[in-house]
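Participant: Return atomic coordinates for the entry below.
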Amino acid sequence: MSDNPTYDGFKREPLDETCELWLGRLPEKLSMAATGDFESLWQARPAEQGKAKMFGRQVTTRRWTRAYEHAYAFSGITEEQHALLPELAPLYDWARELDPRLNGLLVNWYSGDDQHQITEHHDKWQQLVAGAPIIMVSLGAPRTFRMVHPKTRAKHDFPVEHGSVIILPSDTNRVWKHAVLHFAGDCGQRISVTMRSFLPEAAKQKPRRAARKRAARAVKSPLPFDSEPGQPLPVSEEPTMAKRSSKTSPPIGDDEMTMFDFFLQNVDYDAMAPGERTT
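Facilitator: You can find the predicted model right below:
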């Protein structure tokens with residue numbers, strides 16, 4: 001299968017000279033079925049919100065997460081696989097017509113009332129089939145899907161609503177980061193169904209030494225995220241990312257972030273068990 005396919009019925013959205021997204025919608029029949037199944041799918045979310053490792057500690061994230069058909073290792077944890085829900089089977093079958101290499105789903109549940117979101121990140125491509133895209137289906141309340149270039153801080157915002165589909169090519173995922181942010185006024189329940197093509201034994205891969213070193217450096221540097229939940233960073237400006245001295249620390253600018261601010265943006269402190277909390 002070509003690593004640079006075109007997708008009938010989808011609109012190509014260039015991000016720069018070499019990277020792109022494909023935007024489309026579920027077929028009407030599937031979208032209507034998903035509307036009827038939304039409440040049962042919402043009730044199928046896990047009892048506890050997702051976990052991740054940040055700065056060496058396990059924390060509770062601002063969303064519920066569950067993997068189906070294939071385990072998924074990310075953010076220092078592994079989401080073990082679960083049997084495919086009947087409500088997800090039609091979406092999975094349809095997506096596999098676009099790319100038959102797809103073999104795993106990750107579902108995220110977001111509550112607008114609780115300011116749930118996921119900040120900018122690359123999907124972990126080391127465990128994915130080379131050249132295979134990531135297909136993302138949005139169900140429920142509308143949100144803003146953002147693409148951010150980590151070096152230039154260029155950004156592109158795309159509104160997503162019930163039935164929206166985004167195809168993220170492999171090369172784009174390696175260069176651009178993506179996020180689904182919570183803005184003031186966002187409310188309601190949203191479910192994201194993302195489908196990927198995993199390599200055999202992908203979930204058992206251990207973090208590479210270089211990745212561990214980058215994580216260690218991140219603790220020492222301010223991070224380019226906003227410091228107040230619900231108010232995303234104006235990424236049109238280049239972050240300072242100033243290096244800290246062992247003797248003095250430069251002031252934190254509006255486009256920088258301390259470790260505490262990072263936790264505010266990505267971690268649901270109230271949902272954490274007492275043993276998980278930091279002071």
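Participant: Just give the closest residue to Gly163, not the sequence neighbours.
Facilitator: Beyond its immediate neighbours in the sequence, the residue positioned closest to Gly163 (C-beta to C-beta, 6 or more residues apart in numbering) is Ser31, lying 3.8 Å away. Heads up, the C-betas are built off the backbone N, CA and C, glycines and all.
Participant: Next up, the contacts around that neighbour.
Facilitator: 25, 162-163 (C-beta atoms under 8 Å, 6 or more residues apart in numbering).
Participant: what element comes up after the helix or strand harbouring it heading to the C-terminus?
Facilitator: Here Ser31 is covered by helix 28-43, with elements defined by DSSP states H and E. Downstream of helix 28-43, the next assigned helix or strand under DSSP H and E is strand 51-54.
Participant: Show me which parts of that following strand are buried, residue by residue.
Facilitator: Of all the residues in strand 51-54, those buried under the rule 16 or more other C-beta atoms under 10 Å are 51-52, 54.
Participant: From the residues you listed, pick the one nearest Glu97.
Facilitator: Ala52 (32.4 Å; C-beta to C-beta).
Participant: Touching, that closest one and Glu79? I think so.
Facilitator: No: using C-beta atoms under 8 Å, Ala52 is not in contact with Glu79, being 10.3 Å away.
Participant: What are the contacting residues of the helix or strand in which Pro90 is found?
Facilitator: Here Pro90 sits within helix 89-98, counting by DSSP H and E. Contact with helix 89-98 is made by 7, 26-27, 30, 33-34, 69, 84, 102, 105, 135, 137, 167, 193, 195, as judged by C-beta under 8 Å, 6+ apart.
Participant: Not counting its neighbours along the chain, what's nearest Pro142?
Facilitator: Glu161 (4.2 Å).
Participant: Can you tell me how far that neighbour is from Thr144?
Facilitator: Distance check for Glu161 against Thr144: by C-beta to C-beta, to the nearest Å, it reads 11 Å.
Participant: So for those two, which residue has more residues nearby?
Facilitator: Taking neighbours as other C-beta atoms under 10 Å, Glu161 and Thr144 compare with Thr144 leading, 16 against 13.
Participant: Which of the three states applies to that one?
Facilitator: For Thr144, the assignment made with DSSP: H, G, I helix; E, B strand; the rest coil gives strand.
Participant: Look up the closest residue to it, ignoring the ones flanking it.
Facilitator: Asp157 (5.3 Å).
Participant: Could you give the number of residues near that neighbour?
Facilitator: Neighbour tally, Asp157, other C-beta under 10 Å: 13.
Participant: OK, contacts around it?
Facilitator: 144-147.
Participant: By neighbour count, which of those wins?
Facilitator: Taking other C-beta under 10 Å as the neighbour criterion, Met147 ranks highest of the contacts of Asp157 with 23 neighbours.
Participant: any idea which element that one lies in?
Facilitator: Here Met147 is assigned to strand 143-148, by DSSP H and E.
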